[in-house]
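# take a look and give me a structure for this.
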Amino acid sequence: MSCVMHRYLGRELLRYWLAFTLVLWLVLLAARFSLYLGQAASGRIPADTVLWLLGLKSVGIFVFLLPLTLFLALLWLLGRLNHDSEALALAASGVGPWQWYRAFAAPALLVALLVAVLSAWLVPQTAAQGYHLRAAAEQRLDASALAPGHFNFLRGGKWTVYARRTGTAPGSLEGIFIHVDRPSRPQVLVAQRASVETDKNGRYLVLGEGYQYDGRAGQSDYRRLHFKDYRIRLDPSHITVPDKQDAVPTPALIGDSSPAARAELAMRVARPVSVLVLALIAVPLARYRPAASRYTPLWLGLLLFAVYFNLLGVGHLWIEQGRLPAALGLWWVHAVVLALAAVVVFLHRRFAP
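Residues are numbered from 1 along each chain as shown. Predicted coordinates:
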């Protein structure tokens, strides 16, 4: 295959890949944005953290999409070449399967390298920042994060806050109810109004004209106190960040022999490998008989991708639970998918009209 043909196929593949990536990325970002907006409306996170969380999450979504979008771009390009008889003309001029693989090897290797770098370095960093931001947001009680007329669950669900309505002053609330879940002595605060104030020591939620109830009603240590002003620190002094393996740096995972760390490391290795496996599958899968629909390989490809990544998820869980040896990793999934793809291609060619 000539260099001109290599450049032509590479340019067309890049065009389709960018189109698929952009469209699917925007769709998933819109879905995630809708989720964050719902959480902000219910008071689970402050509204000013929505875009930050979305930006951090977008990196992980992008890396997840890269193997799929390259696979779809290959199937679409090859399907178009078959439909327009360009592939038939190339085959008549002596272009065989190995020439197709040579043409797509460089793009597939570049995407695999990109996925490997992002999975090993950038995705853990953004995941850690996202968990920290989410934890800080959930532990931060802010009047701007409260939805009047609804129960809002803040600080990891330990605070239940209800505001009857917004106040006349900007950023103020009226009819405040706060329940603090404490195992030994639960606390309830009821106030007529609330507002946010800032001084040199930080930000505070100031409750006005209310009552504080400590303990359980009917017990000897139950107390009811009246207050004119009650100040609650909004900036938590200590932020508890959940321990998530996907936020652990790759060098730390390599030095950790726990099943959870081994499972996460296997998944980070599997992502770039999946790019090469899907590229290998795409060439024979995209070849169909003239009477068959040009979209048949695309639907078969989507089905194979769904099976592939579900198997990767199952394998990750089994390693984490100790049901599979860590040394085996997820290599068996790649072998199973290659075998399944070979069967699908054989049946497709054998029984297609």
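# next up, the contacts around Q39.
Counting by Cβ atoms under 8 Å, 6 or more residues apart in numbering, Q39 makes contact with I45. Heads up, the C-betas are built off the backbone N, CA and C, glycines and all.
# quick check: which element contains it?
helix 3-41 (DSSP states H and E).
# can you list the buried residues in that helix?
9, 13, 16-17, 20-21, 24-25, 28-29, 32-33, 36, 39-40 (16 or more other Cβ atoms under 10 Å).
# show me how the record splits the chain into domains.
Domain assignment for the chain, taken from automatic domain parsing, gives 3-138+242-351, 141-233.
# correct me, but L280 touches L338?
Yes - the pair L280 / L338 is scored as a contact, 7.2 Å apart, by Cβ atoms under 8 Å.
# who has more neighbours, these two?
Each of L280 and L338 has its neighbours counted (other Cβ atoms under 10 Å); L280 has more, 18 against 13.
# just checking, what packs against the helix or strand harbouring that one?
L280 is located in helix 259-285, with elements delineated by DSSP H and E. Secondary-structure packing of helix 259-285 (3 or more Cβ pairs under 8 Å, 6 or more residues apart in numbering; DSSP states H and E): helix 50-83, helix 97-117, helix 250-254, helix 296-321, helix 331-351.
# deepest of those, which one?
helix 50-83 (a mean of 20; mean count of other Cβ atoms under 10 Å).
# okay, and for the protein, where does confidence drop off?
Applying pLDDT under 70 to the chain picks out residues 1-2, 43, 83-97, 138-147, 154-157, 234-242, 287-294, 345, 347-353.
# ok, and the closest non-adjacent residue to L109?
L276 (7.6 Å; Cβ to Cβ, 6 or more residues apart in numbering).
# residues contacting that neighbour?
108-109, 112.
# now swap in A263 and tell me
Counted by Cβ under 8 Å, 6+ apart, A263 has contacts 245, 316-317, 319-320, 326.
# need the contact list for A282.
Taking Cβ under 8 Å, 6+ apart, one finds 71, 74-75, 78, 104, 301 in contact with A282.
# what about the residue lying closest to W100 once chain neighbours are set aside, how many residues nearby?
Excluding its sequence neighbours, the residue lying closest to W100 (Cβ to Cβ, 6+ apart) is V283, at 5.0 Å. V283: 18 surrounding residues under other Cβ under 10 Å.
# distance of T126 from S58?
Separation of T126 from S58 (Cβ to Cβ, to the nearest Å) stands at 8 Å.
# which residue lies farthest from the center of the protein?
Going by Cα atoms, centre = their mean, the residue of the chain most distant from its centre is S220, 49.6 Å out.
# OK, contacts around the closest residue to A261 other than its chain neighbours?
Nearest residue to A261, sequence neighbours excluded (Cβ to Cβ, 6+ apart): L253, at 4.9 Å. The contact partners of L253, taken as Cβ under 8 Å, 6+ apart, are 245, 261, 264-265, 268.
# distance to R224 and neighbour count added to these, as JSON lines?
As requested, the contacts of L253 are arranged in JSON lines below (distance: Cβ to Cβ, whole Å; neighbours: other Cβ atoms under 10 Å):
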{"residue": "Q245", "distance to R224": "47", "neighbour count": "20"}
{"residue": "A261", "distance to R224": "51", "neighbour count": "19"}
{"residue": "E264", "distance to R224": "50", "neighbour count": "23"}
{"residue": "L265", "distance to R224": "55", "neighbour count": "21"}
{"residue": "R268", "distance to R224": "55", "neighbour count": "19"}
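# save these as TSV, and put in distance to S172 too.
Output for the contacts of L253, formatted as TSV (distance: Cβ to Cβ, whole Å):
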residue	distance to S172
Q245	43
A261	48
E264	46
L265	50
R268	48
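# shouldn't I176 be in contact with L189?
Yes - applying Cβ under 8 Å as the test, I176 and L189 come out as touching, 7.2 Å apart.
# which neighbours do these two share?
Joint contacts of I176 and L189 (Cβ under 8 Å, 6+ apart) are 207, 210.
# following the helix or strand hosting E174, which helix or strand shows up next?
Element membership for E174, per DSSP H and E: strand 173-180. Moving toward the C-terminus from strand 173-180, the next helix or strand (DSSP H and E) is strand 187-199.
# quick one: strands adjacent to that next one?
If you go by DSSP bridges, strand 187-199 pairs up with strand 173-180 (antiparallel), strand 202-214 (antiparallel).
# which parts of the longest one are buried?
Same thing as strand 202-214. Within strand 202-214, the residues scored as buried using 16+ other Cβ under 10 Å are 204-208, 210, 212-214.
# and what of stretch 181-198?
Buried-residue list, stretch 181-198, by 16+ other Cβ under 10 Å: 188-191, 193-196.
# farthest pair in those residues?
Pairwise distances among those were taken by Cβ to Cβ; the largest, 20.9 Å, belongs to V188 and V196.
# related to what we said a few turns ago, OK, contacts around the residue nearest to W100?
74, 78, 97, 100-101, 104.
# what's opposite F177 in the beta bridge?
Going by DSSP bridges, F177 is paired in beta bridges with Y162, V190.
# count the neighbours of it for me.
Residues near F177, counting by other Cβ under 10 Å, number 15.
# how about R134: what's its closest non-neighbour residue?
The shortest distance from R134 to any non-neighbouring residue, by Cβ to Cβ, 6+ apart, is to L53 (6.5 Å).
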